[in-house]
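> what follows is a predicted protein model with its sequence.
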Amino acid sequence: MAEKRFVEQITPRDADFAQWYTDVVKKAELIDYTSVKGCVVLRPYAYAIWEGIQRILDGMFKATGHENVYMPLLIPESLLNKEKEHVEGFAPEVAWVTHGGSERLEERLCIRPTSETLFCEHYAHVISSWRDLPKLYNQWCSVFRWEKSTRPFLRSREFLWQEGHTAHADEAGAREEALRMLDAYAELAERHLAMPVLKGRKTDAEKFAGAVETYAIEAMMHDGQALQAGTSHYLGDGFARAFSIQYSDAGNAQRHVHQTSWGVSTRLIGGIIMAHGDDSGLRLPPAIAPVQVAVIPISPQKEGVAQAARDLADRLSRAGLRVKVDESDQSAGWKFAEHEMRGVPLRCEVGPRDLEKGVCLMVRRDTGEKAEVPLSGVEGSAAGLLAAVRDGLYAEAKERLESRIRDAFHLDEMKAIAAAQPGFLRTMWCGDASCEEAVRAATGMKSRCMPFDQTPIGGRCPVCSGKADRLIYWGLQY
RNA sequence: CGAGGUGUGGCUCAGUCCGGUAGAGUACGUGGUUUGGGACCAUGUGGCCGCAGGUUCGAAUCCUGUCACCUCGACCA
């Protein structure tokens, strides 16, 4: 394995994780701050990563029969107020439009914090028969929440996301949909983003405002803190009753629909940074890397080198890879560091020595491993190495996730472990909200999820010592 | 939102205590030599000192407010 170097402008990750994160976000040219708190510029490189995520997810949505739509930005207060739990959950963080020009509005309008109410109003208009169901809609948009403390990608006031909203004839159909989309998110995270996740159900305290069930995927960052990377909700028929979304079934009886909603946001980019990044900067999973292979001509002024690099890049492009030839007049070493900082998964060096031998030098971003590969089969070699980078990133993250899951049986033990090294704590739980709150008060950890794999570890509730029939994960969260 | 810290060319910072011509490194432009892990020589450009008020003959420096970022808490995707 090659010697690891770190970029001096980046704070070492283990010295100060928060500062390291900020350094990477800025040096890799992902964002720029603006004069409005919590509103950042997504620069071309960050937006390209988001486009990569969109491309994958949108394909999954279309493959499962979903259609894209667009809802308005503004929601009248009366509409937001229709579902009681929902409005109570979001009211503290909505921004209001109160004036049109200089005139005060009769009714103030909120900037969408999420669009359940808009979808519901529309569904009430367009659903009348069982033949209209299911309705499987998604929208790509931004939403706005007046957050108090903000961090790029992890918690901003305005952020980009997708929100799926579906209406089904019955509970079974809706519940199945909520779990199907959770699985889609898990596949995105694990396979494409190389980010292993825990899948499970949220407690009542952590549920989405207005949901019957909230499911989530939870990822583990490099500092041991948890990141909720995606959520999917079974909404029951509560919204349908509040908004009168009814249809006639095959026997001509009036029924309310059952609904779901689900979303992932640009927070995923924060997750990618914190799950995979190292002291040299980003390490991007190949599936969403804007540039998968950086081709670097060595001694480009020497006969044939520059042209060979261009030809090589052409061949890789034609093979379907995203390739960039760096023909800038920087030194080779500078280019190496630059592309490492930006997380390019594979570097391809082409110099006079290589050309004599009919090879090029491939260097993996995840391990730094170098391999000479023959130019004749370079397309296959590059594709294979990219797959290896994805697998390498995944294995590393998986190992960390698993090593950071610890079992505990008493509150004191939870406190001690949480203070020593953050991670996921796995315990049994009686199901009582007061015990959940006691854990938070004592350790700072919130419940993350009750995993679908409920193989019990035994014991009683770590707080009240009562009978505990379920397994639950706890963790510090972003 | 509470406590603490930091804002000075694009970036990292010195100068602030004790008011008196805005500095360094790096980056950037130009010419040249270089290029297998952040090259070198020469010569240039670039600063409303975060922003807004105030004190003063005079403010980067003192006072007030405000905004942004960092840390620790409280609240949340």
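Looks like it came in fine.

> looking at the stretch 1-150 of chain A, which residue is nearest RNA strand B?
Going by CB to the nearest atom of the strand, RNA strand B is nearest to A:Ala18 of the stretch 1-150 of chain A, at 1.6 Å. All C-beta spots, glycine's among them, are computed from the backbone N, C-alpha and C.

> can you name the residues of the stretch 301-450 of chain A that neighbour RNA strand B?
Proximity of the stretch 301-450 of chain A to RNA strand B (CB under 7 Å from any atom of the strand) is limited to residues A:301, A:329-334, A:336-338, A:340-341, A:347, A:349-354, A:361, A:363, A:368, A:444.

> which of those are buried?
The neighbour count (16 or more other CB atoms under 10 Å) marks A:336-338, A:340-341, A:347, A:349-352, A:354, A:361, A:363, A:368 as buried among these.

> for the stretch 351-478 of chain A, what spans make up the strands?
With DSSP state E, counting those that start in this stretch as the criterion, the stretch 351-478 of chain A has strands at A:359-364, A:370-374, A:405-407, A:424-429, A:446-451, A:470-475.

> what's near enough to touch A:Cys464?
Neighbour list for A:Cys464: A:430, A:432, A:434-435 [criterion: CB atoms under 8 Å, 6 or more residues apart in numbering].

> rewinding a little: how about the strands of the stretch 351-478 of chain A in TSV, adding mean pLDDT?
Listed next are the strands of the stretch 351-478 of chain A as TSV, based on pLDDT from 0 to 100:
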stretch	mean pLDDT
strand A:359-364	97
strand A:370-374	96
strand A:405-407	94
strand A:424-429	94
strand A:446-451	95
strand A:470-475	94
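
> between the ones you listed, which one is closest to A:Ala418.
For A:Ala418, the closest of the strands of the stretch 351-478 of chain A is strand A:424-429, at 6.6 Å, according to CB to CB.

> hmm, who's touching that closest one?
Residues outside strand A:424-429 that contact it (CB under 8 Å, 6+ apart): A:198, A:218, A:220, A:226, A:401, A:404-409, A:414, A:417-418, A:435-436, A:443, A:445, A:447-448, A:450, A:456-462, A:468-475.

> switch the cut-off to 6 Å
With CB atoms under 6 Å, 6 or more residues apart in numbering as the test, strand A:424-429 has contacts from A:404-408, A:414, A:459, A:461-462, A:468, A:470, A:472-475.

> list only those of those flagged as buried.
Among the contacts of strand A:424-429, those buried by neighbour count (16+ other CB under 10 Å) are A:404, A:406, A:408, A:414, A:461-462, A:468, A:470, A:472-475.

> related to what we said a few turns ago, what about the residue of the stretch 1-150 of chain A closest to RNA strand B, neighbour count?
Per other CB atoms under 10 Å, the neighbour tally for A:Ala18 reads 10.

> what's the helix or strand for it?
Following DSSP states H and E, one finds A:Ala18 within helix A:17-27.

> how about A:Asp14?
In this assignment (DSSP H and E), A:Asp14 forms part of neither any helix nor any strand.

> what about it, how many neighbours?
A:Asp14: 11 neighbours (other CB under 10 Å).

> do the same with A:Lys302
Neighbours of A:Lys302 under the rule other CB under 10 Å: 13.

> buried stuff in the next helix or strand after the helix holding A:Ala18?
Heading C-terminal from helix A:17-27, the first helix or strand you meet, by DSSP H and E, is strand A:31-33. For strand A:31-33, a neighbour-count test (16+ other CB under 10 Å) marks A:Ile31 as buried.

> for strand A:31-33, which strands pair with it and how are they oriented?
If you go by DSSP bridges, strand A:31-33 pairs up with strand A:40-42 (antiparallel).

> mind listing what's buried in the strand it pairs with?
Under the neighbour-count criterion of 16+ other CB under 10 Å, strand A:40-42 has A:40, A:42 buried.

> now that strand: how far from the chain's centre is it?
17 Å (CA atoms, centre = their mean, to the nearest Å).

> touching RNA strand B at all, the next helix or strand after that strand?
Heading C-terminal from strand A:40-42, the first helix or strand you meet, by DSSP H and E, is helix A:44-63. No: using CB under 7 Å from any atom of the strand, helix A:44-63 never reaches RNA strand B; the gap is at least 13.0 Å.

> hmm, who's touching helix A:44-63?
Residues contacting helix A:44-63 (CB under 6 Å, 6+ apart): A:29-31, A:138, A:184, A:188, A:192, A:266, A:268-269, A:288, A:290.

> buried sites along that helix?
For helix A:44-63, the buried set under the neighbour-count rule, 16+ other CB under 10 Å, comprises A:45-47, A:49-50, A:52-54, A:56-58, A:60-61.

> now the residues you listed in CSV, with pLDDT?
Shown next, in CSV, are the buried residues of helix A:44-63 (pLDDT from 0 to 100):
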residue, pLDDT
A:Tyr45, 92
A:Ala46, 92
A:Tyr47, 92
A:Ile49, 95
A:Trp50, 95
A:Gly52, 97
A:Ile53, 97
A:Gln54, 97
A:Ile56, 98
A:Leu57, 98
A:Asp58, 98
A:Met60, 98
A:Phe61, 98
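
> what's the closest non-adjacent residue to the residue lying farthest from the centre of chain A?
Most distant from the centre of chain A: A:Glu303, at 46.0 Å, with distances by CA atoms, centre = their mean. Leaving aside its chain neighbours, A:Glu303 sits nearest to A:Pro352 (8.0 Å; criterion: CB to CB, 6 or more residues apart in numbering).

> against A:Ile296, how distant is the one you found?
Between A:Pro352 and A:Ile296 the computed distance is 13 Å (CB to CB, to the nearest Å).

> over to A:Gly238?
57 Å.

> cool, and A:Phe119?
Distance, A:Phe119 to A:Ile296, by CB to CB: 49 Å.

> go on, A:Asn68?
In terms of CB to CB, A:Asn68 sits 39 Å off from A:Ile296.

> for the two, indicate the residue with more neighbours.
Set A:Asn68 next to A:Ile296 and count neighbours by other CB under 10 Å: A:Ile296 wins out with 25 against 13.

> surely the more buried one and A:Asp326 touch.
Yes: the pair formed by A:Ile296 and A:Asp326 meets the contact definition of CB atoms under 6 Å, at 5.2 Å.

> please enumerate the shared neighbours of these two.
Common contacts of A:Ile296 and A:Asp326 (CB under 6 Å, 6+ apart): A:Lys335.

> averaged pLDDT, the longest helix seen in chain A. What do you get?
What stands out as the longest helix in chain A, according to DSSP state H, is helix A:378-403. When pLDDT is averaged along helix A:378-403, the result is 97.

> same thing with stretch A:157-172?
For stretch A:157-172, the per-residue pLDDT averages 96.
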